[in-house]
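Novice: pasting the structure only:
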């Protein structure tokens, strides 16, 4: 299998965690933001990563979107399962995944790229890195007003997820799509001292899940 990705994308990290959890061998190909549309649009009709190419006869040519990749991997190899056996718990896990995908992952992106363009610029001041950061900031309209809204949204998310520090999983008695999604989409915050200081329990969970999935720890947590 081949995963088309941006190396810094937390949504691509989400797909890698699922592949690692199921111990499915795969390779990655890092695309260049902006030029990536030339590769992806003919494959999927879309312009977003991650995109998984099964590269196997009888399987789909390409699967776009991290949630659809989760669904595909569950049919491709059902053990270990990403889905919970209890229907009500699985529905709750899917609701958490959707909320994290559509709201919290976006907020994380705003906070992360705002940090990388300011206080965190010294992490990688290279021309290419700053070019990519500026492309993302322009694409998503990452300005002080939207960053403030994202910060408030993340504060609310931490309150909602705070119960996670007292139990091993977000839902049920085993790891699910909710845990993988939270671990991936909140992982960029590990570079930001304010979040590491205020929410140490979150990064303990992220580290544990990355170790379970055999995925390299995010920057700031290794």
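Specialist: Yes, it's here. Owing to the predicted nature of the structure, the values given are computational and were not obtained by experimental measurement.

Novice: for the longest helix seen in the chain, what is the average pLDDT?
Specialist: Longest helix in the chain by number of residues (criterion: DSSP state H): helix 144-161. Confidence for helix 144-161, expressed as mean pLDDT, is 97.

Novice: Are there helices or strands packed against it, and which ones?
Specialist: helix 105-117 (3 or more CB pairs under 8 Å, 6 or more residues apart in numbering; DSSP states H and E). (Glycine included, C-beta is placed from N, CA and C.)

Novice: what does the helix it packs on rub up against?
Specialist: 10-11, 123-124, 129-130, 133-134, 136-137, 140, 142, 146-147, 149-151, 153-154, 157, 181, 185-186, 188-189, 191-192 (CB atoms under 8 Å, 6 or more residues apart in numbering).

Novice: again, only this time at 6 Å
Specialist: Outside helix 105-117, the residues within contact range by CB atoms under 6 Å, 6 or more residues apart in numbering are 133, 136-137, 142, 146-147, 150, 153-154, 185, 188, 192.

Novice: With stretch 43-55 instead?
Specialist: By CB under 6 Å, 6+ apart, stretch 43-55 touches 1-6, 9, 12, 15, 37, 40-41, 62-64, 66, 69.

Novice: Could you list every helix and strand that the worst-scoring helix or strand of the chain on mean pLDDT packs against?
Specialist: One helix or strand of the chain scores below all others by mean pLDDT, DSSP states H and E: helix 127-139, with a mean of 86. Packing contacts for helix 127-139, counted by 3 or more CB pairs under 6 Å, 6 or more residues apart in numbering; DSSP states H and E, involve helix 105-117.

Novice: Can you mark which positions in the longest helix of the chain are buried?
Specialist: For helix 144-161, a neighbour-count test (16 or more other CB atoms under 10 Å) marks 146-147, 150, 153-154, 157-158, 161 as buried.

Novice: which is the next helix or strand following it?
Specialist: As assigned by DSSP states H and E, the chain's next helix or strand after helix 144-161 is helix 177-185.

Novice: Tell me how far that next one lies from the chain's centre.
Specialist: Centre-to-centre, helix 177-185 and its host chain are 7 Å apart (CA atoms, centre = their mean, to the nearest Å).

Novice: And that helix, what does it pack against?
Specialist: Using 3+ CB pairs under 6 Å, 6+ apart: helix 177-185 touches helix 10-21, helix 87-99, helix 200-213.

Novice: one more time with 8 Å
Specialist: Helix 177-185 sits against helix 10-21, helix 66-76, helix 87-99, helix 105-117, helix 200-213, with contacts defined as 3+ CB pairs under 8 Å, 6+ apart.

Novice: what does it contact?
Specialist: Contacts of helix 177-185 with the rest of the structure, by CB under 8 Å, 6+ apart, involve 10-11, 13-14, 16-18, 21, 66, 70, 82-83, 92-94, 96-97, 100-101, 104-105, 108, 161, 164, 169-171, 205-206, 209-210, 213.

Novice: now the angle from it to helix 87-99?
Specialist: Interaxial angle of helix 177-185 relative to helix 87-99 (axes from the mean of the first three to the mean of the last three CA atoms, to 10 degrees): 20 degrees.

Novice: Quick check: mean pLDDT of the very next helix or strand once past helix 177-185?
Specialist: Downstream of helix 177-185, the first helix or strand assigned by DSSP H and E is helix 193-198. Summarised as a single mean, pLDDT over helix 193-198 is 96.
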